[in-house]
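Undergrad: what shape does this take:
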Amino acid sequence: MEGKRGSECLLKSVSNIDFNPPLKVDAQPPFNKNVKKADAINWIISRTSDATRIINPRNILYLIDQAKSIEIDKMERGHHMPVDGLMEGKVIQEGLRETSHYQLEQTLFAEYPKLKPKVELLKNSKAEMKLNVIKKKLRVNSKKGILEIVNALITRGFISQANSSGYYEIPFIYRDALNVKQGKDPLERKVVMSKNRKKKIKELMIQISFPFFKLYSGSGICRSLA
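TA: Predicted coordinates:
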């Protein structure tokens, strides 16, 4: 009976605990105080998943644990606790940076060491790249060779399948560790600009040469040379 009463007391003591409290975040990036719970959760999921887009509970827990440690360290050094939540947005971003390094070094490189030399060649790139840009960065000469490497990177979740415009994308989880920035790679823009520049120069040359050709052909010089 005593054991039963003890269990009842324990159940009663935890019966008023809310095991699904509302998610509180402060007004600093990456969230604002009006953010919805679903939006905050989606942000965390999208930043901690690789290119397969499979939810990674380990990375989510690692991110929260790192952010918590950073916040506690700041408070111990005299920083005030956030007014609207348990963690500042900047702390969550710092935790994400730590998670990015963890995913790259302790997961991708640890499980697939042969990919490390190629992946490291993509440091300081833009997140979105076409195949010709990846080929140049990875210093691969053959199309077959680059396709084999790219397919291996897709299978391991390092880059996504090419979209309808032909761009492959490095997910958020790897960007901080490799200093990869949002946007399309400048090398791709240079290729496009180069083609457009050649086209414009050709059109300009036609526009400039046409009046001279007309003048030359109508002057009688052509007839005298015939």
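Undergrad: switch to C-alpha atoms for all contacts and neighbour counts from now on
TA: Fine.
Undergrad: need the helices for this protein, in chain order.
TA: Ranges of helices within the chain are 2-14, 37-48, 57-76, 89-102, 109-111, 116-120, 131-137, 143-155, 172-178, 186-218, 221-225, based on DSSP state H.
Undergrad: tilt between the second one and helix 89-102?
TA: Orientation of helix 37-48 against helix 89-102 (axes from the mean of the first three to the mean of the last three CA atoms, to 10 degrees) gives an angle of 30 degrees.
Undergrad: which residues touch helix 37-48?
TA: Residues outside helix 37-48 that contact it (CA atoms under 8 Å, 6 or more residues apart in numbering) are 22-23, 31, 53, 55-56, 59-60, 63, 96, 99-100, 171-173.
Undergrad: for these, which two are the farthest from each other?
TA: With CA to CA as the measure, no two of those lie farther apart than P22 and P171, at 28.1 Å.
Undergrad: which one's more surrounded, the two?
TA: Using other CA atoms under 10 Å as the criterion, P22 and P171 rank with P171 on top: 23 against 9.
Undergrad: please tell me how far that one sits from N141.
TA: 26 Å (CA to CA, to the nearest Å).
Undergrad: now stretch 45-55: mean pLDDT?
TA: For stretch 45-55, mean pLDDT rounds to 93.
Undergrad: measure it end to end?
TA: The first and last residues of stretch 45-55 sit 6 Å apart, counting by CA to CA.
Undergrad: list the buried residues in it.
TA: I45, S46, R47, T48, S49, D50, A51 (16 or more other CA atoms under 10 Å).
Undergrad: now, among the contacts of helix 37-48, which is nearest to E148?
TA: The closest of these, once distances to E148 are taken by CA to CA, is P171, at 19.7 Å.
Undergrad: might one say that the closest one is in contact with S100?
TA: No. Contact criterion CA atoms under 8 Å: P171 and S100 do not qualify, at 10.3 Å.
Undergrad: among the contacts of helix 37-48, which one has the lowest pLDDT?
TA: Lowest in pLDDT among the contacts of helix 37-48 is L23, which has 39.
Undergrad: name all residues that make contact with L104.
TA: Neighbour list for L104: Y174, A177 [criterion: CA under 8 Å, 6+ apart].
Undergrad: ok, it to K116 distance?
TA: From L104 across to K116, the span is 9 Å (CA to CA).
Undergrad: cool, D39 as well?
TA: As for D39, its distance to K116 is 33 Å (criterion: CA to CA).
Undergrad: these two: which is more packed in?
TA: When D39 and K116 are compared for neighbours, K116 comes out ahead with 14 against 11, by other CA under 10 Å.
Undergrad: what sits closest to the more buried one if chain neighbours are left out?
TA: Closest residue in space to K116, ignoring its immediate chain neighbours: F109 at 5.8 Å, by CA to CA, 6 or more residues apart in numbering.
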